[in-house]
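**Student:** 3D, please:
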Amino acid sequence: MTVTAFDPAAIEAELAPFVAPAIPHGGVLLAVSGGPDSTALMRAALRAGPTVSLHVATVDHGLRAASASEAEGVAAMARNLGLPHRTLVWTGPKPANGLQAAARSARYGLLGDHANDLGVGWVLTGHTRDDQAETVLMRLLAGSGPAGLAGMRAVRLLVSAVRLGRPFLHRPKADLVAYCAAYGLVPVQDESNADPRFARARLRRLLPDLAREGLSDTRLTRLAARCARDDEALTQTARTAYLAARRPADGPSLVRLDASSLAALPDAILIRVLIQALAEAGAGQPRLERIEALVLEALRPALRDRTPLRRTLAGILVSLTRGRGLTLAAAPARTGRDGAGDGLAAGARDLLGKGDGAAYIGLKCPD
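**Tutor:** You can find the predicted model right below:
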């Protein structure tokens with residue numbers, strides 16, 4: 001959907017399915033930082049004629065001196081609108097590297113927990129088309145697969161029975177800035193959005209130049225939509241293949257798969273089948289390039305030549321043997337110099353510079 005003109009009523013109508021649903025649910029938690037996008041979200045949700053309860057939450061990450069006062073400002077705005085507000089504080093140590101990713105994970109964790117406590121069915125954020133374009137560009141530079149290039153989903157499960165919704169994901173940020181101006185709302189400006197220490201801020205400054213060369217936010221979000229369709233098809237196909245290849249596990253094995261079934265799969269599906277097997281076996285979240293190396297450089301040749309294979313990845317021993325097929329079991333304790341690591345090369349760790357870890361996005365990626 002492409003929006004060509006600012007229309008306050010259209011913005012409010014986009015919230016009606018969440019706040020005035022045909023089938024009532026437990027209510028909505030609005031994630032409001034105080035910026036223009038989420039400030040518009042809060043006001044528009046109230047003007048959309050809600051028939052379920054509305055709640056407001058602000059996450060104070062404790063990363064800027066002004067964050068506490070900004071949260072207080074949102075609380076005052078919510079009170080003026082007659083909406084209950086809660087400030088959720090991210091406590092504990094903050095990582096030196098990957099700070100924005102850690103903050104994002106903490107933010108969604110806090111919002112999900114609070115939504116569960118409230119008994120609401122939805123958490124809504126004010127993400128826009130601009131945010132989606134930045135996300136897709138970051139993942140493109142990081143070498144993402146289809147799941148990463150699909151960007152943020154308009155709707156996804158957050159925790160248990162709580163879903164995360166992004167009703168403005170198709171809409172340019174300028175519309176929400178104009179909405180705030182139309183109703184005399186004064187949002188805060190987060191200085192970290194322009195902080196060159198962060199990859200997203202650096203790429204944001206490049207977007208106007210890229211748009212002049214044809215890589216506009218519209219084209220980036222169109223790419224995301226196409227990748228989302230492809231990712232869904234690949235995921236469904238891989239799930240069917242995984243179930244067909246499964247065999248009863250025995251002994252120390254956690255998962256066992258039929259070798260002949262695996263040998264017949266295309267590489268893209270075989271990679272996803274192994275990811276599902278690793279997840280079921282309780283593996284962590286290895287980077288996609290590690291899994292690709294295991295499948296393309298080791299497992300595929302072993303399946304083709306019918307030779308045995310024994311590798312470790314993310315704490316899981318992956319073995320291919322005659323008569324038993326592919327098995328996954330807990331890896332034995334390592335006895336190397338430091339007792340850590342996997343039996344695969346680690347790959348580059350500075351794809352986006354500034355000391356961040358590798359940003360290669362796997363099949364399941366945070367947003």
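
**Student:** following the chain onward from the lengthiest helix in the chain, which element is next?
**Tutor:** Longest helix in the chain by number of residues (criterion: DSSP state H): helix 217-245. Once the chain leaves helix 217-245, the next helix or strand it forms, by DSSP states H and E, is strand 246-247.

**Student:** ok, then the element right after that next one?
**Tutor:** strand 253-257.

**Student:** where's the nearest residue to residue 178 once chain neighbours are set aside, which helix or strand?
**Tutor:** Spatially, and ignoring its direct neighbours in sequence, residue 178 is nearest to residue 6 (4.7 Å; Cβ to Cβ, 6 or more residues apart in numbering). The way it works is simple: take the backbone N, C-alpha and C, and place the C-beta from them, glycine included. For residue 6, there is no enclosing helix or strand under DSSP H and E.

**Student:** what sits against residue 6?
**Tutor:** The contact partners of residue 6, taken as Cβ atoms under 8 Å, 6 or more residues apart in numbering, are 174-175, 178-179.

**Student:** what's the answer for residue 48, then?
**Tutor:** Neighbour list for residue 48: 12-13, 15-16, 19-20 [criterion: Cβ under 8 Å, 6+ apart].

**Student:** tell me how far it lies from residue 210.
**Tutor:** As judged by Cβ to Cβ, to the nearest Å, residue 48 and residue 210 stand 34 Å apart.

**Student:** show me where this structure has strands.
**Tutor:** 28-31, 54-60, 85-89, 122-124, 155-159, 162-165, 246-247, 253-257, 309-313, 316-321, 325-330 (DSSP state E).

**Student:** deepest of those, which one?
**Tutor:** With neighbours taken as mean count of other Cβ atoms under 10 Å, these reach their highest mean count in strand 28-31, at a mean of 26.

**Student:** quick revisit: now the buried members of the contacts of residue 6.
**Tutor:** Neighbour counting by 16 or more other Cβ atoms under 10 Å classes 175, 178-179 among these as buried.

**Student:** now stretch 259-271: average pLDDT?
**Tutor:** Here stretch 259-271 scores 98 as its mean pLDDT.

**Student:** just the helices in this protein please.
**Tutor:** Ranges of helices in the chain, per DSSP H, are 8-13, 16-19, 36-47, 67-80, 99-118, 129-141, 146-149, 173-182, 199-212, 217-245, 259-263, 267-280, 288-293, 300-305.

**Student:** what lies in contact with stretch 257-267?
**Tutor:** Stretch 257-267 is touched from outside by 241-242, 244-247, 270, 273, 277, 295-296, 299-300, 303-304, 306, 320, 325-327, with contacts defined as Cβ under 8 Å, 6+ apart.

**Student:** filter the residues you listed to the buried ones?
**Tutor:** The neighbour count (16+ other Cβ under 10 Å) marks 241-242, 245-247, 270, 273, 277, 295, 299-300, 303, 320, 325-327 as buried among these.

**Student:** let me know the closest of those residues to residue 93.
**Tutor:** Residue 93 lies nearest to residue 277 out of those, by Cβ to Cβ, at 34.0 Å.

**Student:** hmm, that closest one is touching residue 255, no?
**Tutor:** Yes. Residue 277 lies in contact with residue 255 (Cβ atoms under 8 Å); the separation is 4.8 Å.

**Student:** so what sits against both of these two?
**Tutor:** Applying Cβ under 8 Å, 6+ apart, one finds that residue 277 and residue 255 are jointly contacted by residue 328.

**Student:** ok, residue 268 - how many residues close by?
**Tutor:** Residues within reach of residue 268, counting by other Cβ atoms under 10 Å, total 15.
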